[in-house]
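Participant: could you look at this predicted model? Sequence included:
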Amino acid sequence: MMKKPVWIDSDAGIDDAMALILATKFDSIDIVGVSAVAGNAELTQTFRNVRNILALAGRADIKVYPGAEQPWIIPLETAPDAHGKDGLGGAVIPESDAPAETEHAWDKLYEAACAYPQELTVVAVGPLTNIANTIIKYPKFASLVKEIAIMGGAIIGGNRTPAAEFNILADPHAAQCIFKSGIPVVMFPIDVTHQMRLTKADLEEIGSCGKPWSRPLQEANAYIMPLYERNGHGSVVFMHDSCPVMWLQYPELFEGKLAGVNVETRSGPALGKTISDLYVYADQLPLKNVTIMLKGDTDGMAVKVKELLRS
Ligand code: RIB
Ligand code: CA
């Protein structure tokens with residue numbers, strides 16, 4: 001079976017780490033490139049984290065390219081409260097000995113889209129600055145790439161503000177560029193990622209598998225769990241970024257609806273809000289290019305994730 005060419009863009013981060021390791025386990029995809037973007041932490045840190053996480057998974061061969069240090073217009077606001085200053089909650093992982101790539105993420109992502117015309121799936125699990133840079137710098141990119149699967153947005157509520165989810169809020173202008181590019185988008189908002197959770201027992205199970213990533217994943221997730229407990233979610237962690245990744249190999253875990261999405265880019269309490277016409281009777285937004293995932297198989301995802309992390 002032909003493997004699906006995939007590019008992953010990440011602001012690694014604690015949930016990004018699990019998502020990246022899971023992606024290396026799939027026999028249905030070929031990870032043709034990975035890029036880092038500033039978000040949960042500064043770019044220097046997220047670039048280092050992505051490289052080290054792939055090396056930890058035994059895939060130091062996958063090239064990682066540095067991307068944007070800053071969002072398009074608003075200043076970078078990292079999330080040390082959620083991911084720690086290092087972006088991985090202080091989890092100790094060895095340094096990758098792979099050579100550090102220096103070419104820009106957007107240049108290499110465009111090259112990949114040219115190499116796999118109409119076949120490349122981009123999975124973006126951080127702010128969308130790198131993807132938007134590619135769209136703007138290379139006008140042909142939008143017609144070459146097959147689809148973009150993103151962890152981002154909130155149809156109802158938000159997690160960084162009452163209106164906005166972190167990845168979209170971090171760079172709302174770049175996000176708007178993606179939603180208006182005409183590229184088919186598969187969106188995993190917190191409406192569905194909040195259904196995909198692991199318990200303390202799940203993390204204990206993962207931590208005791210004896211794999212190089214087992215304890216680091218358990219340590220990293222132990223850092224973020226108190227944040228979720230303080231916010232009334234209980235003793236769980238959300239597998240935000242694993243959602244678009246698991247969808248690559250297990251699409252049956254998710255159910256979605258086609259809609260149009262606009263991003264609020266004006267400053268104010270609604271900045272970064274993803275506005276959709278999902279629940280509007282009349283067709284409001286002309287461009288219905290976004291499959292918004294709203295339902296997920298919580299138990300099915302947890303079982304498959306633990307199985308993959310044991311392998
Ligand atoms: O809102 C959750 C998203 O923000 C995840 O991608 C997490 O890693 C953070 O970047
Ligand atoms: Ca992320």
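Facilitator: Perfect, I can see it now. Numbers count the residues shown, from 1 in each chain. Ligands and ions are numbered 1, 2, ... in the order given.
Participant: dihedrals phi and psi, Ile62?
Facilitator: phi -70, psi 130 (degrees, to the nearest 10).
Participant: tell me the pLDDT at it?
Facilitator: At Ile62, the pLDDT value in this model is 98.
Participant: and it, what does it touch?
Facilitator: Neighbour list for Ile62: Thr24, Ile31, Gly33, Val34, Leu54 [criterion: Cβ atoms under 8 Å, 6 or more residues apart in numbering]. Quick note: C-beta positions are derived from backbone N, CA and C, even for glycine.
Participant: the first one - how many residues pack around it?
Facilitator: Right, Thr24. Residues lying near Thr24 (other Cβ atoms under 10 Å) number 19.
Participant: which residues touch it?
Facilitator: Taking Cβ under 8 Å, 6+ apart, one finds Ile31, Leu54, Ala57, Gly58, Arg59, Ile62 in contact with Thr24.
Participant: could you measure it against Leu248, distance?
Facilitator: 12 Å (Cβ to Cβ, to the nearest Å).
Participant: flag every residue of the stretch 151-300 of the chain that's near ligand 1.
Facilitator: Met151, Asn159, Glu165, Phe166, Asn167, His240, Asp241 (Cβ under 6 Å from any ligand atom).
Participant: show me those that map onto helices.
Facilitator: Mapping those onto helices (DSSP state H) picks out Phe166, Asn167.
Participant: can I get the residues of the stretch 151-300 of the chain next to ligand 1 in JSON lines with neighbour count and pLDDT?
Facilitator: Formatted as JSON lines, those follow (neighbours: other Cβ atoms under 10 Å; pLDDT from 0 to 100):
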{"residue": "Met151", "neighbour count": "29", "pLDDT": "98"}
{"residue": "Asn159", "neighbour count": "20", "pLDDT": "97"}
{"residue": "Glu165", "neighbour count": "26", "pLDDT": "98"}
{"residue": "Phe166", "neighbour count": "26", "pLDDT": "98"}
{"residue": "Asn167", "neighbour count": "31", "pLDDT": "98"}
{"residue": "His240", "neighbour count": "28", "pLDDT": "98"}
{"residue": "Asp241", "neighbour count": "32", "pLDDT": "98"}
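Participant: of the residues of the stretch 151-300 of the chain next to ligand 1, closest to Pro216?
Facilitator: For those, the closest approach to Pro216 (Cβ to Cβ) belongs to Asp241, at 15.7 Å.
Participant: quick one, phi psi at that closest one?
Facilitator: According to degrees, to the nearest 10, Asp241 has phi -80, psi -20.
Participant: can you pull the contacts of the residue of the stretch 201-311 of the chain found nearest ligand 2?
Facilitator: At 4.8 Å from ligand 2, Asp241 is the closest residue in the stretch 201-311 of the chain, using Cβ to the ion. Contacts for Asp241 (Cβ under 8 Å, 6+ apart) come out as Ser10, Gly13, Asp15, Asp16, Met18, Ala19, Val125, Met151.
Participant: again, but for Gly90
Facilitator: Here Gly90 is in contact with Gly84, Glu219, Ala220, Tyr223 (criterion: Cβ under 8 Å, 6+ apart).
Participant: mind listing what Met187 touches?
Facilitator: Contacts of Met187 by Cβ under 8 Å, 6+ apart are Ile150, Gly152, Gly153, Gly256, Val261, Thr274, Val290, Thr291, Ile292, Met293.
Participant: that one falls within a helix, correct?
Facilitator: No: counting by DSSP: H, G, I helix; E, B strand; the rest coil, Met187 is not part of a helix but strand.
Participant: pick out the most distant pair among the residues of the stretch 151-300 of the chain next to ligand 1.
Facilitator: Of all pairs in these, the most separated under Cβ to Cβ is Asn159 and Asp241 at 13.2 Å.
Participant: which parts of stretch 195-210 are buried?
Facilitator: Gln195, Met196, Arg197, Leu198, Asp202, Leu203, Glu205, Ile206, Gly207, Cys209 (16 or more other Cβ atoms under 10 Å).
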